[in-house]
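> sequence unknown, structure follows:
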């Protein structure tokens, strides 16, 4: 029995940008928000797009709304695909209000979460407590992601405060600092009420914040993703991406959509050949090529 040779897309077609790397990535990370995926939906997502996903956030405070065994299974499935899983920072804020941070940390360990998000989007969290939580996350072996910005409508970026947050959080061990954009992507942070980017604020952040590569930009809408990719390049970290948009975002990053085609490399001549399939006849089998 003859076996056909597996074929793959030429790199210049698979990634015209020439910038994408495999996991674990240091640039161009994608965080997906999970607002209630079941096991089958998550399995489909991971089988289809796990190579394009770096983090999965169990949105808001939805973690305790799942059956414990089911949630553990979800986390195991994602971890098996090298996807970091963590609860939304709002849930930690709930734990702070309820004075149950110790129990929260115990449950993260019991359930198998591999990351933690530390935020103050709804409540005020003293700098001392924020620092303590980062240290606890690092000591627990979790990937620590912090968040800057309030969730209230019309909230803006205070540049000096953001700079201080990025510097201190990263020194304590936070791997990324998320810029609040909410799942709505409107009227908060760098986004105007209609969801468009406020470029003046964006430029100030990029010009003055040390290590801008530590920033994870929440960008739930395609128009925002396109704008940020054009301004900052394919290597930026983007978050709050809907499960259904993971592959389409990866296409944007690679220049495989009209919106970002202009960002692709064009200085390398394309050379590739694809073996022709033998013509089928009654006396010869049909060959199929796996791509």
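Yep, it's here. The model shown is predicted, which means the values in this text are computed figures rather than measured ones. Numbering: from 1, shown residues only.
> all contacts plus neighbour counts: C-alpha atoms, from now on.
Fine.
> Residues contacting stretch 181-200, please?
With contacts defined as Cα atoms under 8 Å, 6 or more residues apart in numbering, stretch 181-200 is touched by 149-157, 179-180, 201-202, 217-221, 223-224, 227, 240.
> run the last query once more with 10 Å
33, 59-60, 121, 148-158, 179-180, 201-202, 205, 217-221, 223-224, 227-228, 231, 239-242 (Cα atoms under 10 Å, 6 or more residues apart in numbering).
> Can you spell out which helices and strands pack onto the one helix or strand residue 12 maps to?
If you go by DSSP states H and E, residue 12 is part of helix 11-14. Under the contact definition 3 or more Cα pairs under 10 Å, 6 or more residues apart in numbering; DSSP states H and E, helix 11-14 sits against helix 246-254.
> coming back round to it: show me what the helix or strand following the helix holding residue 12 is packed against.
Counting by DSSP H and E, the next helix or strand C-terminal to helix 11-14 is strand 30-34. Contacts defined by 3+ Cα pairs under 10 Å, 6+ apart place strand 30-34 against strand 55-58, strand 84-87, strand 215-218, strand 237-241, helix 246-254.
> Is it correct that residue 95 is in contact with residue 103?
Yes - at 8.4 Å, residue 95 and residue 103 qualify as touching, with contact defined as Cα atoms under 10 Å.
> So for these two, which sits in the more crowded spot?
residue 95 (17 against 11; other Cα atoms under 10 Å).
> Please give the element, helix or strand, for the more buried one.
Residue 95 belongs to helix 89-97 when assigned by DSSP H and E.
> Tell me which stretches of the protein form helices.
With helices called from DSSP state H, the chain shows them at 11-14, 39-49, 68-80, 89-97, 101-111, 127-139, 159-172, 199-208, 222-232, 246-254.
> Name the residues of the second one that come out as buried.
Looking back up the chat, that one is helix 39-49. 42, 43, 45, 46, 49 (16 or more other Cα atoms under 10 Å).
> before we move on, what about the last one?
By neighbour count on 16+ other Cα under 10 Å, the buried set for helix 246-254 is 246, 247, 249, 250, 251, 252, 253, 254.
> Reformat these as CSV; add distance to residue 211 and pLDDT.
Compiled in CSV, those are given as follows (distance: Cα to Cα, whole Å; pLDDT from 0 to 100):
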residue, distance to residue 211, pLDDT
246, 26, 99
247, 28, 98
249, 24, 98
250, 24, 98
251, 26, 97
252, 24, 97
253, 21, 96
254, 23, 95
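> Distance to residue 13 added to those residues, as JSON lines?
Output for the buried residues of helix 246-254, formatted as JSON lines (distance: Cα to Cα, whole Å):
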{"residue": "246", "distance to residue 13": "19"}
{"residue": "247", "distance to residue 13": "15"}
{"residue": "249", "distance to residue 13": "16"}
{"residue": "250", "distance to residue 13": "13"}
{"residue": "251", "distance to residue 13": "11"}
{"residue": "252", "distance to residue 13": "13"}
{"residue": "253", "distance to residue 13": "13"}
{"residue": "254", "distance to residue 13": "9"}
